[in-house]
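A.B. asks: fold the following, please.
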Amino acid sequence: MGLSRWGTCLLAVMLVACGDGVGLEPPSEATQGTLRLPLTAQSPEGAVKLVGATFNITGAQTVFISDTSADTLTVPLIEGDYTIELGGSWHLERLSAPGAPLSAQRLSPSVLAFSVIQGKLTEVRYLFKLAGSGGVDVGIQVDNGGSISGTLTFTQHEGPPDSEFASLVGKSVPFVIGFETSRVVREGGGPKALSVETGPILVQFGGPDGALLEKHVSPFFKGRSFLFRVTSLPSGYQVLSTFLIEGVGSGAPLDFVSHESQPFRGTVDPGGYPETTPFEFQSTMVFSLHAFGDLSGTFTGTVVPK
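C.D. replies: Coordinates of the predicted model:
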């Protein structure tokens with residue numbers, strides 16, 4: 001299926017403040033946050049709803065939600081750290097055509113980590129690709145979106161031995177980077193390359209092992225743009241040769257370095273430039289965060305340029 005036929009759908013999970021069970025309740029001393037989960041989104045062709053999903057919330061409280069008939073779910077939660085898992089036989093459908101599933105793909109990890117903090121609003125989003133000519137809008141306008149999704153596998157930590165990052169050695173964490181817009185430039189004057197500069201990005205780290213990255217790393221990425229470059233080699237292979245995130249680098253509180261990927265087979269256009277088609281890659285990377293040390297390992301995934 002051509003990339004131009006896919007729009008991006010963001011279903012938002014928002015957290016604020018309240019008590020036990022499902023429903024709207026006033027805040028109390030023992031209840032500091034509320035999970036709010038909208039299950040509908042607007043599109044040019046009409047409203048779209050997530051149907052047949054279940055949500056398993058674990059952490060300071062445990063809540064299982066199987067009734068998703070409402071347009072919005074609210075769950076009061078005690079302050080603390082949580083994970084939420086999307087399950088069930090879910091699908092997207094238009095409110096005007098109930099019972100007719102739409103073609104859609106979940107990009108976010110099925111398990112996402114979040115924290116409820118007293119007096120603060122925490123926002124988590126499940127990211128989907130929705131087949132069709134139009135984008136779907138939940139809180140932001142999405143068009144011409146792309147994504148990078150895959151796994152970070154950590155093999156080494158250098159820094160304070162009591163750093164929380166040390167606990168991630170030997171662990172694999174799923175991730176997704178979504179972006180609403182991108183600008184593609186073909187570069188010559190040497191090896192032919194495709195340079196992609198994105199609009200603001202959404203970054204998610206999944207699973208219980210991703211909670212540390214979600215808490216300490218994701219805030220540095222929020223609303224940033226990034227640049228990646230795919231370069232053709234004389235051998236006919238291609239490499240992901242550049243991966244730069246705005247405001248993240250040497251001298252900043254967070255530094256993320258992704259080294260040139262291993263060569264992979266890719267497609268080229270008639271001029272010999274890499275095509276804007278999905279490709280898989282593997283490279284090595286290093287996270288450096290002040291007071292946490294350096295966390296290194298492998299970076300593998302699938303890139304959908306636009």
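
A.B. asks: make it CA atoms for all contacts and neighbour counts henceforth
C.D. replies: Noted.

A.B. asks: may I see the buried residues of the lengthiest helix in the chain?
C.D. replies: If you go by DSSP state H, the chain has its longest helix at helix 211-216. For helix 211-216, a neighbour-count test (16 or more other Cα atoms under 10 Å) marks A211, L212, L213, E214 as buried.

A.B. asks: for the closest residue to the last one other than its chain neighbours, grab the count of nearby residues.
C.D. replies: If I follow you right, that is E214. Spatially, and ignoring its direct neighbours in sequence, E214 is nearest to F205 (5.6 Å; Cα to Cα, 6 or more residues apart in numbering). Here the number of neighbours of F205 (other Cα atoms under 10 Å) works out to 29.

A.B. asks: for beta bridges, what are the partners of F205?
C.D. replies: Per DSSP bridges, the residues bridged to F205 are F175.

A.B. asks: need the helices for this protein, in chain order.
C.D. replies: According to DSSP H, the chain carries its helices in the segments 211-216, 218-221.

A.B. asks: what mean pLDDT does the first one have?
C.D. replies: This points to helix 211-216. For helix 211-216, mean pLDDT is 87.

A.B. asks: counting contacts, what elements does it pack onto?
C.D. replies: Applying 3 or more Cα pairs under 8 Å, 6 or more residues apart in numbering; DSSP states H and E, we find helix 211-216 packed against strand 111-116, strand 201-205.

A.B. asks: which strands and helices sit next to the first one?
C.D. replies: Helices and strands touching strand 111-116, as assessed by 3+ Cα pairs under 8 Å, 6+ apart, comprise strand 80-94, strand 122-131, strand 201-205, helix 211-216.

A.B. asks: make it 7 Å
C.D. replies: Under the contact definition 3 or more Cα pairs under 7 Å, 6 or more residues apart in numbering; DSSP states H and E, strand 111-116 sits against strand 80-94, helix 211-216.

A.B. asks: got the CA positions of it in CSV?
C.D. replies: C-alpha atoms of strand 111-116 as CSV (Å, rounded to 0.1, in the frame of the first residue of the first chain):
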residue,chain,number,x,y,z
VAL,A,111,2.3,-1.3,27.0
LEU,A,112,3.1,2.3,27.9
ALA,A,113,4.5,3.7,31.1
PHE,A,114,3.2,6.9,32.8
SER,A,115,3.3,8.7,36.2
VAL,A,116,0.5,10.4,38.0
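
A.B. asks: circling back: put together JSON lines for the helices and strands packed on helix 211-216, with distance to F226 and mean pLDDT on each row.
C.D. replies: Formatted as JSON lines, the helices and strands packed on helix 211-216 follow (distance: least, Cα to Cα, whole Å; pLDDT from 0 to 100):
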{"stretch": "strand 111-116", "distance to F226": "23", "mean pLDDT": "83"}
{"stretch": "strand 201-205", "distance to F226": "8", "mean pLDDT": "87"}
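
A.B. asks: dump these to TSV, plus distance to A41.
C.D. replies: TSV is the format used below for the helices and strands packed on helix 211-216 (distance: least, Cα to Cα, whole Å):
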stretch	distance to A41
strand 111-116	20
strand 201-205	18
